[in-house]
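Student: sequence plus the predicted model coming up.
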Amino acid sequence: MSDGSDTEDVQEGSQEEGQSGQPVEDAEDAAEETSQEPEKAADTGSSEDAVTLDVSKSLTGTHDVEIKVKDYGTIDVQLDADTAPITVTNFIKLVQENFYDGLTFHRIMDGFMIQGGDPLGNGTGGSDQTIKGEFKNNKVENNISHKRGVISMARSSDPDSASSQFFIVQTDSTFLDGDYAAFGEVTSGMDVVDAICKDAKPTDDNGTIPADQQPVIEYIKVLD
């Protein structure tokens with residue numbers, strides 16, 4: 001994980017010019033923001049129907065998780081551990097530690113994606129561990145394309161800096177392929193993603209959402 005000098009962002013490509021998105025490095029902007037750790041959400045039964053997987057070794061196969069967003073509803077996601085075993089194992093490990101409960105979606109860009117999972121709520125935070133970036137330009141085969149509904153890992157300019165921050169693609173963004181570790185796709189709940197994007201009022205062109213307006217992740221739980 002970076003020391004806070006880099007944000008873990010994905011950059012929206014220019015559809016008019018066909019530019020590829022690259023990691024955003026907003027060190028000065030991040031330093032000006034007030035770091036604010038979101039309050040822990042009240043226990044809403046996140047353990048109900050949840051299963052516990054053995055994350056002491058890399059997972060395989062597919063695994064379903066449920067993301068509950070306060071005031072919006074649930075997003076069901078199927079994770080692909082055969083394509084991105086390191087990423088999926090890390091994500092599920094954090095889920096089982098209740099790491100995401102009470103965190104937020106701090107970066108929202110209507111027509112692009114929603115990004116969350118930062119304990120600081122400003123794009124500079126993460127868990128205490130970083131993982132290898134499982135994508136083509138980091139010498140890892142990954143055939144999941146960043147189309148609508150795909151979940152992927154945010155990172156800084158370091159290809160192996162992904163930690164806890166993730167994003168869900170709202171609109172096909174295949175220019176991200178090869179540079180970010182996609183690791184699953186939404187199976188139900190894209191209407192929730194659309195609603196979050198529609199309601200968002202970012203303060204800048206990078207999708208920054210004020211701390212008191214960030215949609216809250218009540219919980220994420222593993223279903224199988």
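Tutor: Received the coordinates, thanks. Numbering: from 1, shown residues only.

Student: find the nearest non-adjacent residue to the most centrally placed residue in the chain, please.
Tutor: When the chain is reduced to its mean C-alpha position, the closest residue under C-alpha atoms, centre = their mean turns out to be Phe166, at 1.2 Å. Beyond its immediate neighbours in the sequence, the residue positioned closest to Phe166 (C-beta to C-beta, 6 or more residues apart in numbering) is Gly117, lying 5.1 Å away. Heads up, the C-betas are built off the backbone N, CA and C, glycines and all.

Student: then Leu176?
Tutor: Spatial nearest neighbour of Leu176, excluding adjacent residues (C-beta to C-beta, 6+ apart): His146 at 4.2 Å.

Student: show me where this structure has its helices.
Tutor: 27-32, 85-96, 190-199 (DSSP state H).

Student: give me the pLDDT value at Asp179.
Tutor: Confidence per residue is given as pLDDT, and for Asp179 that number is 98.

Student: give me the neighbour count for it.
Tutor: Neighbours of Asp179 under the rule other C-beta atoms under 10 Å: 21.

Student: also Gly102?
Tutor: Counted by other C-beta under 10 Å, the residues lying close to Gly102 total 18.

Student: residue ranges with poor pLDDT in the protein?
Tutor: 1-8, 11-47 (pLDDT under 70).

Student: got TSV for the helices of the chain, with mean neighbour count and distance to Leu53 too?
Tutor: Compiled in TSV, the helices of the chain are given as follows (neighbours: other C-beta atoms under 10 Å; distance: least, C-beta to C-beta, whole Å):
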stretch	mean neighbour count	distance to Leu53
helix 27-32	13	34
helix 85-96	22	6
helix 190-199	17	24
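
Student: ok so, going back, run through the residues that contact the residue nearest to Phe166.
Tutor: Under the criterion of C-beta atoms under 8 Å, 6 or more residues apart in numbering, the contact list for Gly117 reads 100, 103, 126, 154, 164-166, 217.

Student: and these, which is closest to Val77?
Tutor: Of all the contacts of Gly117, the one with the least separation from Val77 (C-beta to C-beta) is Phe166, at 9.6 Å.

Student: list the beta-bridge partners for that closest one.
Tutor: The residues listed as beta-bridge partners of Phe166 by DSSP bridges are Gly116, Met153.

Student: could you measure from the residue nearest to Pro119 when sequence neighbours are not counted over to Ala200?
Tutor: Take Pro119 and drop its neighbours on the chain: the residue closest to it by C-beta to C-beta, 6+ apart is Gly125, 4.7 Å away. Gly125 sits at a distance of 20 Å from Ala200 (criterion: C-beta to C-beta, to the nearest Å).

Student: now do Leu53
Tutor: With C-beta to C-beta as the criterion, Leu53 and Ala200 are 33 Å apart.

Student: same deal with Asp158?
Tutor: Computed with C-beta to C-beta, the distance linking Asp158 and Ala200 is 28 Å.

Student: could you do Val55 as well?
Tutor: Remark: distance between Val55 and Ala200 (C-beta to C-beta) = 32 Å.

Student: likewise for Ser164?
Tutor: Distance, Ser164 to Ala200, by C-beta to C-beta: 21 Å.

Student: what of Ser161?
Tutor: If you measure Ser161 against Ala200 using C-beta to C-beta, the figure is 25 Å.

Student: neighbour count for these two, which is higher?
Tutor: The residue with more neighbours, out of Ser161 and Ala200 and counting by other C-beta under 10 Å, is Ser161; that gives 21 against 18.

Student: how deep is the closest residue to the more buried one other than its chain neighbours tucked in, by neighbour count?
Tutor: In space, and not counting its chain neighbours, Ser161 is closest to Arg155: 4.6 Å by C-beta to C-beta, 6+ apart. Per other C-beta under 10 Å, the neighbour tally for Arg155 reads 29.
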